[in-house]
Each structure stands twice: as structure tokens, then as C-alpha cells.
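[1] sequence? don't have it. structure:
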């Protein structure tokens, strides 16, 4: 009976969000960011276009978490804003490099 509580809690709404979707979105964002950073490190040709896509996903994910941080814990705002600023500064570089690689 306890095991069913853990599985059903993952697929039931909590605080107006579905925990399964939140966990899967964070997992997908993390994995694609790691793949992109490895691809940029090895300087593959497709890395710049894919990193532009991944940066957009990462930006939206942190922007959505910023709203939750403002509402619940104000100390989480500082690292989220730092990540958003770094991502915003990387967009022009990635746009220029992805356009040149086409």
C-alpha cells in the first residue's frame, strides 16, 4: 500500500503542477545541456545550432523556476538570475556561430 502512494503521488497534481512532468523536464534539460557542452568541447559542426536550441530550453526552464523562487524562497533568485544572464549573453555568439556553420 505504501508503494502505491509513491507512484500515484508522482502523477497527481501538487501545488498546481504535475511532479512527473516537472521531473522529466528537468531531466531532459540536464541531459541535453550535458550533451551540448560535450559537443561544444569537441567542436563538432552541429554543436552550435543544437546549443542554441538547448540554451532556449534552459532559459525557459530557469525563467519558470524564477517565478516559483520569488513566491517561495527568495534566496534562490540570485543563482537563477546569474544563470539567466549568462544564457542571455551566449545567445548572440551562438546565433552568429550557428549561422556561419550552415
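    Looks like it came in fine. Just so it is clear, the model here is predicted, and its values are computed rather than measured.

[2] Relative to the whole chain's centre, how far out is the helix or strand harbouring residue 53?
    Assigning secondary structure by DSSP states H and E places residue 53 in helix 47-72. Here helix 47-72 is found 4 Å from its chain centre; the criterion is Cα atoms, centre = their mean, to the nearest Å.

[3] between the next helix-or-strand element following it and helix 47-72, how big is the angle?
    The C-terminal neighbour of helix 47-72 among helices and strands, as given by DSSP H and E, is helix 77-100. Helix 77-100 and helix 47-72 are oriented at 160 degrees to each other (axes from the mean of the first three to the mean of the last three Cα atoms, to 10 degrees).

[4] what helices or strands is helix 77-100 leaning on?
    Counting contacts by 3 or more Cβ pairs under 8 Å, 6 or more residues apart in numbering; DSSP states H and E, helix 77-100 is packed against helix 47-72. (Each C-beta comes from the backbone N, C-alpha and C, glycine too.)

[5] tell me which residues in the helix holding residue 53 are buried?
    Along helix 47-72, the positions that meet the burial threshold by neighbour count (16 or more other Cβ atoms under 10 Å) are 47-52, 54-55, 58-59, 61-62, 65-66, 69.

[6] In the chain, what helix or strand scores lowest on average pLDDT?
    With mean pLDDT, DSSP states H and E as the measure, the helix or strand of the chain carrying the lowest mean pLDDT is helix 2-10 (a mean of 58).

[7] What residues of the helix or strand that that helix is followed by count as buried?
    Next helix or strand after helix 2-10 toward the C-terminus (DSSP H and E): helix 19-42. Of all the residues in helix 19-42, those buried under the rule 16+ other Cβ under 10 Å are 22, 29, 32-33, 36, 39-40.

[8] Fine by me, we can end here.
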